[in-house]
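[1] Need coordinates for the below:
(chains A and B, ligands or ions: 4)
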Amino acid sequence: MGKFNVMKHGFVPEHHLVPKEEEEKILKKLDVSKQDLPKILKTDPVIQHMEKVHGDIEEGRMIEVIRDSATAGMAKVYRLVIGR
Amino acid sequence: MKRSAGVSKRVGSIKFAYMSPEEIRNLSATKIITPDTYDDDGFPIDMGLMDTHLGVIEPGLRCKTCGGRVDQCSGHFGRIELAMPVIHVGYVKEIKKFLRSTCRECGKLLLPKEEKEEYQEQMDQMERMGADSLDIRKLAKDISKKARRNKVCPHCKAEQQKIMLDKPTTFREDNTKLTPKEVRSRLEKIPDDDLIPLGMNPDVVRPEWLVLSVLLVPPVTVRPSITLESGDRSEDDLTHKLVDILRINQRLRENRDIGSPQLIVEDLWDLLQYHVTTYFDNQTSGIPPARHRSGRTLKTLIQRLKGKEGRFRQNLSGKRVNFSSRTVISPDPWLSINEVGVPEKAARELTVPLNVTASNIEYVRELVARGPEPTERGNYIPGANYIIRPDGRRIRVTETNAETVAEKLEPGFVVERELKDGDIVLFNRQPSLHKMSMMAHEVKIVPGKTFRLNLAVCPPYNADFDGDEMNLHVLQSEEARAEAKVIMRVQENILSPRFGGPIIGAIQDHISGLFFLTYKDPIFSRREVVSIFSNLVTDKIPEPAEEIDGNKYWAGKDIFSHFLPDDLNMHFRASICEKCDECIEEDCEHDAYVVIRDGKLVTGTIDEDAVGAFAGNIVDKLARDYGNDVAREFIDKITTIALGSITLRGFTTSIQDEDVPPKATKQISAVMDKAKSKVRKLVDAYQDGELEGLPGRSLEETLEVRIMKELGKARDEAGNIASKHLGLGNNAVVMARTGARASMLNLTQMAGSLGQQAVRGERPKRGYEERTLAHFKKGELGAESRGFVKSSYKDGLNPLEYFFHSMGGREGLVDTAVRTSRSGYMQRRLINALEDLMVSHDETVRNTANTIIQFEYGEDGIDPQRSKGGIAVDMDDVMTEFKVRKGGE
Ligand SMILES: [Mg+2]
Ligand SMILES: [Zn+2]
Ligand SMILES: [Zn+2]
Ligand SMILES: [Zn+2]
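    Numbers count the residues shown, from 1 in each chain, chains lettered A, B, ... in the order given. Ligands and ions are numbered 1, 2, ... in the order given. The predicted model follows:
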């Protein structure tokens, strides 16, 4: 355990931490409130790995996930970090 | 049962656990001791199986527990105190797990203390993290497996013995039988703490409860008796089984109490176990099912729930519905695709509710006064079957009361009117795999006993007429009718969201018919044109193309163009295109390049790629650019014209269509012989060790690949030789090339050669030792011995070829059987998971909890039904339109 890097797994898409100042712009574009976003657990292995880079990622931060899409080529989706 | 009004709460959680004997006793309204049910006067016996404490099934009686009548009391449970404990069949696996992983002496888990605590912690953690119950079960299983390996108890040092389960319910330890009583006392010894690593929560459950000492008896309402016409009572299967249990229980108790020989007691005990086991599941393997006197097997608890006819699939997932009917389907080319033919007999039973108002009361009065089966000059006209008064009372309209009932009608009444032409109904064919399996049609009343439908709607339903049946549902509200008409009507489903193209269009003879109408632009005399148009009374015949000797002649392409919009511009390759190296488009000598200029078919032949149900370019373009009304009218008309054309010419096919000249047969034979000798040479080379291996393959694989390639080439060559003699003057070829039916491969297999048969993608190789059949030498690798079929279907196969052909055929059959069942189940699970997702007003995809699943539908926001083959914009078409418009200026 520990040696395995989830980010390098072929099925795990790109994740980025959204800078706080960009959050509002994105939410406005999506026309949703923050609570409407799909959730990601703070304990998620991806978040835990990202914390090694960004330091503590507190609840309420937004994560941008960039996925390959069969229809759109590439799709950006967003997650809200929540605790349990 | 009283219903409290207006209180609704969300279910927080559901916990499943076993029932304790104590819980069963508290739940039960009475103890059941006697196997007798009713006394001589027909009243339920106290403490019998029909005791009125358990609820009542006869009107007039009152429940002794709650005082309710038949429709007020839903029944209460009772209990049977078992003289000796018995194993619960449903839990034998669990019991085995507990017995094997705990000590026979002290009852503790067979793991050292530290290890046990570690697992306890692991279980706790999984519980806290909300792990899947499957994962928890798996961990428990692993722990149990580990514990089982300890042959000596780490706590009391007692030696453990192997515990075996004799299916279904007998446990043995080192070949001595463990009685349920012993099993129970062992389970009782297991300390609470040791249950956690084994996946059991001691706060809720104890393992000894898995051995029954009290049996819960379901309320009488669950197993009602029925009174036959003769006055005899017939009991439910469950009651029969419970009577058996009570009888044996009584005898067992008596024999035990008077101290009968151990052997007799044990026999009775086993019998009790048998009855309790079959009470739960009468299909337990290893024991004979309990039967009725008549020999019918009893339907006990599990049988009530399980399988297709079980409670879940029969009564909960799907139910019977009113206002629906089902019958055989047959074709009717003169109906519109939007219509469905409903036989009079069905139309008389199916009704639409009419609300009586001041403005329609005259009409409705007349309707009701007609009675239930009115006709007009021998023809069907709708009547009324029922009227429903504002108080909800239903009155059947009969021949005799029709007039008086009609008089009584007032606004506020509802009249159930029989079906008439133009009513909107839903039409459906199982398996309902996509949304086009259920579409809205307009009713057309027809004579006979079958539903009729236009042939162009066969593809979406996947229907044919070899005995297929379909269901029809009559919509009952204005809202439902409006919704069905706007989104479910056949014409709204011409374009399929499955692949972004038409799924409704010409098939089979439609395509052949249009081929003969348009290929190389034939001309037709006045008589012929009238014949072609004769089923299309609404259309005027277009202007003739030429006049010879004072007689007018019409061109086939003009007749087709008559049905195209005036501003239509298209060009594409037809299905009969020979894929020349360089396409000369409009000048194609095979008339295979379709050009439509300002609504006129200039060149090209109309076939599957123009109007077909899956590939029709014109249908696609019309539905997309001109709307569904235009596309529907186009399909209705050209299919009718196609049938006019093919009936005029006449059309048939026979085995003679696959005749080729003797010269060609000889050529084919030569090709085959050459291929066979090449295979022989390859085999020789392989055996002499001269064959060179292909990169990444063994010599054996190389040989197989090269032989397959050689024989494949031979079949293609034979096919080409045969094809050369099979031109478009041949009806079978017309069908294959236009896409109406069958393929050129089918024809060459009839005229030329069948070619190599394959099993699992390889040449057949198994059967006898180192050979496929006893007719060959061991190690034989030649073409004939490995399933190459030189003959054609027409020549007939020799016995060896016939056998290999059967091998390939059988594989195909098994494959499709396996594939359909598996993919059906996969689709079912997928649909169950996705069925409640929807696109909401802000264009996000959300589930019923209103959480976002996708920010944009399909990530690109494209409606696949409006896409062109899944792609949002059809650039080719845009460019064509652009050129046309620019050229026009
Ligand atoms: Mg069929
Ligand atoms: Zn009651
Ligand atoms: Zn022990
Ligand atoms: Zn061509």
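[2] In the stretch 751-889 of chain B, mark out all the strands, start to finish.
    Along the stretch 751-889 of chain B, counting by DSSP state E, counting those that start in this stretch, strands occupy B:755-756, B:788-789, B:838-839, B:845-846, B:852-854.
[3] partners of the first one in the sheet?
    Under the criterion DSSP bridges, strand B:755-756 sits next to strand B:788-789 (antiparallel) in its sheet.
[4] thinking again about what came up before, need the strands of the stretch 751-889 of chain B in CSV (columns: mean pLDDT and mean neighbour count).
    Using the backbone N, CA and C atoms, a C-beta is placed for each residue, glycine as well. Shown next, in CSV, are the strands of the stretch 751-889 of chain B (pLDDT from 0 to 100; neighbours: other CB atoms under 10 Å in any protein chain shown):
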stretch, mean pLDDT, mean neighbour count
strand B:755-756, 84, 23
strand B:788-789, 86, 26
strand B:838-839, 93, 14
strand B:845-846, 92, 17
strand B:852-854, 90, 16
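[5] and the stretch 701-850 of chain B, which of its residues are near ligand 1?
    For the stretch 701-850 of chain B, no residues are found near ligand 1 under the criterion CB under 5 Å from the ion.
[6] By proximity to ligand 2, which residue of the stretch 701-850 of chain B wins?
    Ligand 2 sits closest to B:Thr848 of the stretch 701-850 of chain B, with a gap of 36.1 Å, by CB to the ion.
[7] Now that residue. Nearest residue, chain neighbours left out?
    With CB to CB, 6 or more residues apart in numbering or on different chains as the criterion, B:Thr848 has its nearest non-adjacent residue at 4.8 Å, and that residue is B:Asp836.
[8] one step back: looking at the strands of the stretch 751-889 of chain B, which is closest to B:Ser534?
    Ranking the strands of the stretch 751-889 of chain B by proximity to B:Ser534 (CB to CB) places strand B:755-756 first, at 46.0 Å.
[9] What lies in contact with that closest one?
    Applying CB atoms under 8 Å, 6 or more residues apart in numbering or on different chains, the contact partners of strand B:755-756 are B:Met708, B:Leu711, B:Gly712, B:Ala714, B:Arg715, B:Ala718, B:Gln749, B:Arg763, B:Gly787, B:Phe788, B:Val789.
[10] The residue of the stretch 701-850 of chain B closest to ligand 2: how many residues sit nearby?
    9 (other CB atoms under 10 Å in any protein chain shown).
[11] Equivalent analysis for the one 10 residues further on, please.
    By other CB under 10 Å, the residues close to B:Gly858 number 18.
[12] which residues sit in contact with it?
    A:Thr71, A:Ala72, B:Pro864.
[13] which of those count as buried?
    A:Thr71, A:Ala72, B:Pro864 (16 or more other CB atoms under 10 Å in any protein chain shown).
[14] Surely the last one touches B:Gly501?
    Read that as B:Pro864. No. Look at B:Pro864 against B:Gly501 with CB atoms under 8 Å: they stay out of range, at 10.2 Å.
[15] Could you tell me the average pLDDT over stretch B:152-161, please?
    Across stretch B:152-161, the average pLDDT comes to 88.
[16] Which positions in that stretch come out as buried?
    B:Cys153, B:Pro154, B:His155, B:Gln160.
[17] what sits up against that stretch?
    B:103-106, B:108, B:110-113, B:150-151, B:173-174.
[18] One more: stretch B:131-143?
    Residues contacting stretch B:131-143 (CB under 8 Å, 6+ apart): B:Lys97, B:Ser101, B:Leu111, B:Tyr119, B:Gln122, B:Met123, B:Met126, B:Glu127, B:Pro197, B:Leu198, B:Gly199, B:Met200.
[19] mean confidence score for that stretch?
    87.
[20] and if you look at stretch A:7-20?
    Rounded mean pLDDT across stretch A:7-20 is 91.
[21] Mind checking which of the contacts of stretch B:152-161 are buried?
    Buried by 16+ other CB under 10 Å: B:Cys103, B:Arg104, B:Lys108, B:Leu110, B:Leu111, B:Glu173, out of the contacts of stretch B:152-161.
[22] Which two among those residues are spaced furthest apart?
    Using CB to CB, the buried ones among the contacts of stretch B:152-161 reach their maximum pairwise distance at B:Leu111 and B:Glu173, which is 20.1 Å.
[23] Does stretch B:49-68 reach ligand 2?
    Yes. Stretch B:49-68 lies within reach of ligand 2 by CB under 5 Å from the ion, at B:Cys63, B:Thr65, B:Cys66, B:Gly68.
[24] With only the CA atoms kept, save stretch B:300-313 in CSV.
    This file holds the C-alpha atoms of stretch B:300-313, laid out as CSV (Å, rounded to 0.1, in the frame of the first residue of the first chain):
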residue,chain,number,x,y,z
THR,B,300,-44.8,-23.1,-0.4
LEU,B,301,-43.2,-19.8,0.7
ILE,B,302,-40.2,-19.6,-1.7
GLN,B,303,-42.3,-20.7,-4.6
ARG,B,304,-44.7,-17.9,-4.0
LEU,B,305,-41.9,-15.3,-4.4
LYS,B,306,-39.5,-16.8,-6.9
GLY,B,307,-39.3,-16.8,-10.6
LYS,B,308,-41.4,-15.5,-13.5
GLU,B,309,-44.7,-16.4,-11.9
GLY,B,310,-43.5,-15.3,-8.4
ARG,B,311,-44.8,-12.3,-6.4
PHE,B,312,-42.0,-10.0,-7.6
ARG,B,313,-42.1,-10.5,-11.3
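[25] Buried residues in it, which are they?
    Applying 16+ other CB under 10 Å to stretch B:300-313 flags B:Thr300, B:Leu301, B:Ile302, B:Gln303, B:Arg304, B:Gly310 as buried.
[26] Who are the contact partners of whichever residue of the stretch 151-300 of chain B sits closest to ligand 4?
    Closest to ligand 4 within the stretch 151-300 of chain B is B:Gln283: 65.0 Å, counting by CB to the ion. If you count contacts by CB under 8 Å, 6+ apart, B:Gln283 has them with B:Pro289, B:Ile302, B:Gln303.
[27] Please point out which parts of stretch B:415-427 sit buried.
    In stretch B:415-427, counting by 16+ other CB under 10 Å, buried: B:Val415, B:Glu416, B:Arg417, B:Glu418, B:Leu419, B:Lys420, B:Asp423, B:Ile424, B:Val425, B:Leu426, B:Phe427.
[28] quick check: mean pLDDT across that stretch?
    On average, stretch B:415-427 scores 94.
[29] Output that stretch in CSV with nothing but the alpha carbons.
    In CSV, the C-alpha atoms belonging to stretch B:415-427 read as follows (Å, rounded to 0.1, in the frame of the first residue of the first chain):
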residue,chain,number,x,y,z
VAL,B,415,-69.8,7.5,-20.8
GLU,B,416,-67.5,4.8,-21.9
ARG,B,417,-67.6,5.0,-25.7
GLU,B,418,-66.4,2.2,-27.9
LEU,B,419,-63.4,2.8,-30.1
LYS,B,420,-63.8,4.7,-33.4
ASP,B,421,-61.6,5.7,-36.3
GLY,B,422,-59.1,8.3,-35.3
ASP,B,423,-58.7,7.4,-31.6
ILE,B,424,-55.2,7.6,-30.3
VAL,B,425,-53.9,4.3,-28.9
LEU,B,426,-50.5,2.9,-27.9
PHE,B,427,-49.2,-0.1,-29.8
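[30] returning to that earlier point: tell me how far the residue of the stretch 701-850 of chain B closest to ligand 2 lies from ligand 3.
    When distance is defined by CB to the ion, to the nearest Å, B:Thr848 is 52 Å away from ligand 3.
[31] now B:Ile596
    Noted for B:Ile596: a distance of 90 Å to ligand 3, by CB to the ion.
[32] cool, and B:Lys146?
    Distance from B:Lys146 to ligand 3, by CB to the ion: 16 Å.
[33] Double-check that residue against B:Lys116; I have them as touching.
    No. Assessed by CB under 8 Å, B:Lys146 is found out of contact with B:Lys116, at 10.5 Å.
[34] more crowded one of the two?
    B:Lys116 (21 against 16).
[35] Would you mark the buried spots in the helix or strand hosting the more buried one?
    Element membership of B:Lys116, judged by DSSP states H and E, is helix B:113-128. Buried residues in helix B:113-128, defined by neighbour count with 16+ other CB under 10 Å: B:Lys116, B:Tyr119, B:Gln120, B:Met123, B:Met126.
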